[in-house]
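Visitor: Would you be able to build a 3D model of this:
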Amino acid sequence: MAWLGGFVPAPMATGYLERSRGAAGALIGLLLTGLTCKLAGIHAPLLIPPMGASAVLLFAVPASPLAQPWAVVGGNTLAALIGVTCARLIPDPMLAAPVAAALAITAMFPLRCLHPPAGAVALTTVLGGPAVAAAGYQFVLTPVALNSALMLLSAIAFNNATRHPYPHRAKPPGHRTADRKPTERLGIHREDLDQVLLEYDQVLDISRDELENLYQQAELRAYRRRFGEVLCADIMSRDVLAVQYATPLHEAWHLLRRHDIRALPVIDKARRVVGLVSDTDFMASAELDHFDGIAARFRRLLQRPRDMFASQPEAVGQIMPRGTRTVAETMPIAELVPLMADAGLRHVAVVNAERRLSGIISQADLVAALYRGAASGRNVPGTKLASGASSSE
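Guide: Next up is the predicted model:
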C-alpha cells in the first residue's frame, strides 16, 4: 500500500484565483491565435494540438524555464523542422515519429530551447496525415512558428496584465563590488545552488533565481520563528522630527545639526509621508564631489537665491529622492534586513494603518534589535523588544 501511495499526487499549493487565471489565459491565448490565423487566411490547420500543451506552460507556469520565449518558439519550430525531415527520409511513420521526437529532444538541450510540447510537435509533423505531408517545410512556418509566436505575444500581454512578470528575467547582480551582498555572505550562496544543481543532474521545472528566492523566503520565515514576531513598531523612534515639502533647506539642515540626526521624513499637512531627506541628499545637491570651494558651495546651497529665476534648489522637496520606501508598523523587522543591507537604505519611515507618519527606523535601530534578539536567545513567538537605539546614526 505504501508503494501505491506514491502514485497519489500531493495537493497543489496554488489558490483558486491563480488556477482561474491560468485557465482564462489559455482560453484567451488559444482563441486569439486561432482567430488571427483564420483572418490571415491560413489553409493549414489553424491550431495544432501541441499548442494546448504550450498554453499550460505559458499561462499556468509562466516562470518555468520551459515556458520562456526562446523555449516556446525555438523548441516548437525546431521540432517541426526535424519532424518534416524525418518524415521525408524515413518511409515508415512508426519509426520516423519516435526518431523525430528523440532528435528534437537531443537538439533542444544544446540550443537551450527545451519545451515539452515540442515533442508533440515532432509527432504531429510526422503523423499529421496527407495535408501535413503535402505542406512539407511550409508546415514549419505555418502553422507551427506562427502559432507559437501568436501564443507567445498573448502570454506576454496577459501575464503582465495580471501581474505575473513575463518573460522571466534573471536577477541583476545589484552589488557593484567583488563582495557579495550583505545578506548573501552567510548561508547558501549562488555557487552552492549551481554546484548542487550540477550534481543533481536532472532538469528542474524551476529557474535558479526562483529556487534561490524560495530558499530566501523560507530562511526569512525561519528567522521570524526563531526570534519571534518583533515588529517595526517595537523598535522605531517615535519622537520624530519631520519637515514639509516646502521647508527651506537651511531650516532642515539646522534641524539635522541641532538634534544630531541623519534623516528627516517629509510629510504633507495630513502627516502622510511623501519622502525622506537625509544629510547625504544635501551633500549630493551641493556637488561635493568637486573638491574646490566645498565650504562656499555648501553655504550657497543653504542660502536663499537672490535671483527669483535661479535654478538653485530652495526647498526640501527639491532635493529629496523620489519613490521613498515606507514600512508599516506591523511589518516584522526581519523583512527590513534586505531593505537596509542590500538596498542600502540607511533610514526608513514607519507609517500607521492610515498611512500617517508614526516613527522612523535607522540602521542602528535594526542592528541593536537584532543583536539584542540574538543575545537573549528568545525563541517564543510574540516576544517584544523595547526600542533601545536612537535614529541618529
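
Visitor: So, low pLDDT: which residues of this protein?
Guide: Low-confidence segments of the chain (pLDDT under 70): 1-3, 6, 170-187, 223-228, 286-312, 373-393.

Visitor: show me where it has strands.
Guide: Ranges of strands within the chain are 243-244, 263-267, 273-278, 326-328, 347-351, 357-362, based on DSSP state E.

Visitor: Could I get the ones you listed in TSV, plus columns for mean neighbour count and distance to residue 22?
Guide: Placement of C-beta: from N, CA and C, glycine included. As requested, the strands of the chain are exported to TSV (neighbours: other Cβ atoms under 10 Å; distance: least, Cβ to Cβ, whole Å):
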stretch	mean neighbour count	distance to residue 22
strand 243-244	19	47
strand 263-267	24	42
strand 273-278	22	37
strand 326-328	18	31
strand 347-351	24	35
strand 357-362	24	39
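
Visitor: Turn these into TSV, including distance to residue 55.
Guide: Formatted as TSV, those follow (distance: least, Cβ to Cβ, whole Å):
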stretch	distance to residue 55
strand 243-244	53
strand 263-267	48
strand 273-278	44
strand 326-328	39
strand 347-351	42
strand 357-362	46
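
Visitor: between these, which gets nearest to residue 157?
Guide: strand 326-328 (31.8 Å; Cβ to Cβ).

Visitor: Quickly note the distance from residue 203 to residue 107.
Guide: 15 Å (Cβ to Cβ, to the nearest Å).

Visitor: Neighbour count for these two, which is higher?
Guide: A side-by-side neighbour count of residue 203 and residue 107, using other Cβ atoms under 10 Å, places residue 107 first with 18 against 11.

Visitor: in terms of contact, does that one touch residue 82 like I think?
Guide: Yes. Residue 107 is within contact range of residue 82, at 6.6 Å (criterion: Cβ atoms under 8 Å).

Visitor: quick one on the thing from earlier: nearest to residue 72, of the strands of the chain?
Guide: strand 326-328 (38.9 Å).

Visitor: Distance from the closest one to the middle of the chain?
Guide: Strand 326-328 sits 20 Å away from the centroid of its parent chain (Cα atoms, centre = their mean, to the nearest Å).

Visitor: now do stretch 324-336
Guide: 18 Å.

Visitor: domains of the protein?
Guide: 15-161, 182-226, 232-376 (automatic domain parsing).
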